[in-house]
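J.: Quick one: sequence plus predicted model below, questions after.
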Amino acid sequence: MATLDIRDLHVSVGDGSDGAKEILRGVDLTVKAGETHAIMGPNGSGKSTLAYAVAGHPKYDITSGTVTLDGEDVLAMSVDERARAGLFLAMQYPVEVPGVSVSNFLRSAVTAVRGEAPKLREFSKEMKQAMENLSIDPAFAQRSLNEGFSGGEKKRHEILQLEMLQPKVAVLDETDSGLDVDALKVVAEGVNRFASGDTGVLLITHYTRILRYVKPDFVHVFSGGRIVAEGGPELADELEDEGYEKYAKAGASL
């Protein structure tokens, strides 16, 4: 049963003439298998910084705190080691990889995570089923990863990777941004399929609309680089009605 445990995490960015700027100022969060956590908050509150710091992006300097996955020190791992350990990051802005087909990328990723290359026939069948689940045209398997894809197509392919890799914990950074309602429903269905197993989901979002389709067990409000409020799905409803203003003030006062 997977557990991602974040304790007193402090993260800074930048080392230029103005010095480093602290973005996260002591974040405590535990995501257990079978739980879906929604991180909400205004722009600039530190939501995406948390995602990329946990994933190991070199831009983010972790100055103190701990991150463990099933008791193992995540911060001591390289980026690829984190992925093999069971961490997955769906990016807000998926990158294009010209010259690398979706099929080859997925097979390489699956091989790295599983420790051995899947048989081609079995892999093709598995990928075809996952693409069908997400209403992805099978022809996309031979296209370069994300090259020329629409925003919605890129996000569907992020969830395709999630379905193929089956990590222990998925961190989804604003997966709903830029999606029309049909694509949103398809992506949400993919997230729900994943979340129904012995896995954990950390869903970062600015808006509540995806939470109409993906029901969180816990909602955490970010402001000023910290969690300033926590609750159940009703907290998301409150944010929909009242906005973030009072929580922004709470973050500024800490």
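T.: Now that the structure is in, tell me what you want to look at.

J.: contacts, neighbours, all on C-alpha from now
T.: Will do.

J.: can you map out the strands along the stretch 151-254 of the chain?
T.: 169-173, 200-204, 218-223, 226-231 (DSSP state E, counting those that start in this stretch).

J.: so where is this protein shaky, pLDDT-wise?
T.: Low-confidence segments of the chain (pLDDT under 70): 16-19, 249-254.

J.: where along it do the helices fall?
T.: 47-55, 79-85, 102-114, 120-133, 151-165, 181-195, 233-242, 245-253 (DSSP state H).

J.: Report the contact partners of Val90.
T.: Wrong residue type there; residue 90 is Ala, not Val. Contact analysis of Ala90 by Cα atoms under 8 Å, 6 or more residues apart in numbering lists Glu158, Ile159, Ala170, Val171, Leu172, Asp173, Thr175.

J.: The fourth one - how many residues pack around it?
T.: By the measure other Cα atoms under 10 Å, the count of residues near Val171 is 23.

J.: That one reaches Val201, doesn't it?
T.: Yes: using Cα atoms under 8 Å, Val171 makes contact with Val201 at a distance of 6.1 Å.

J.: quick one on the thing from earlier: please report which of the contacts of Ala90 has the highest neighbour count.
T.: That'd be Thr175 among these, by other Cα under 10 Å, with 27 neighbours.

J.: Give me the buried positions along stretch 117-132.
T.: For stretch 117-132, the neighbour count (16 or more other Cα atoms under 10 Å) marks Phe123, Met127, Ala130, Met131 as buried.

J.: And stretch 90-108, by the same measure?
T.: By 16+ other Cα under 10 Å, the buried positions in stretch 90-108 come out as Ala90, Met91, Gln92, Val100, Ser101, Val102, Ser103, Phe105, Leu106, Arg107.

J.: Tell me how many other residues crowd Glu189.
T.: 17.

J.: For it, which residues are in contact?
T.: Tyr213, Val214.

J.: Glu163 versus that one, what's the distance?
T.: 11 Å (Cα to Cα, to the nearest Å).

J.: cool, Met91 as well?
T.: Taking Cα to Cα, one finds Met91 at 15 Å from Glu163.

J.: Gly178 too?
T.: The value you get for Gly178 to Glu163, if Cα to Cα is used, is 21 Å.

J.: sorry, back to before: I'd like the buried residues of stretch 90-108 as CSV, with distance to Leu239 appended.
T.: As requested, the buried residues of stretch 90-108 are exported to CSV (distance: Cα to Cα, whole Å):
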residue, distance to Leu239
Ala90, 24
Met91, 24
Gln92, 21
Val100, 41
Ser101, 41
Val102, 38
Ser103, 40
Phe105, 39
Leu106, 37
Arg107, 41
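
J.: ok, those vs Asp217, which is closest?
T.: Ala90 (19.8 Å; Cα to Cα).

J.: How about that closest one, nearest residue that isn't a chain neighbour?
T.: Leu172 (4.7 Å; Cα to Cα, 6 or more residues apart in numbering).

J.: repeat for Thr30
T.: That would be Asp5: by Cα to Cα, 6+ apart, it lies 4.5 Å from Thr30.

J.: ok, that neighbour touching Val31?
T.: Yes: under the criterion of Cα under 8 Å, Asp5 makes contact with Val31 at 6.5 Å.
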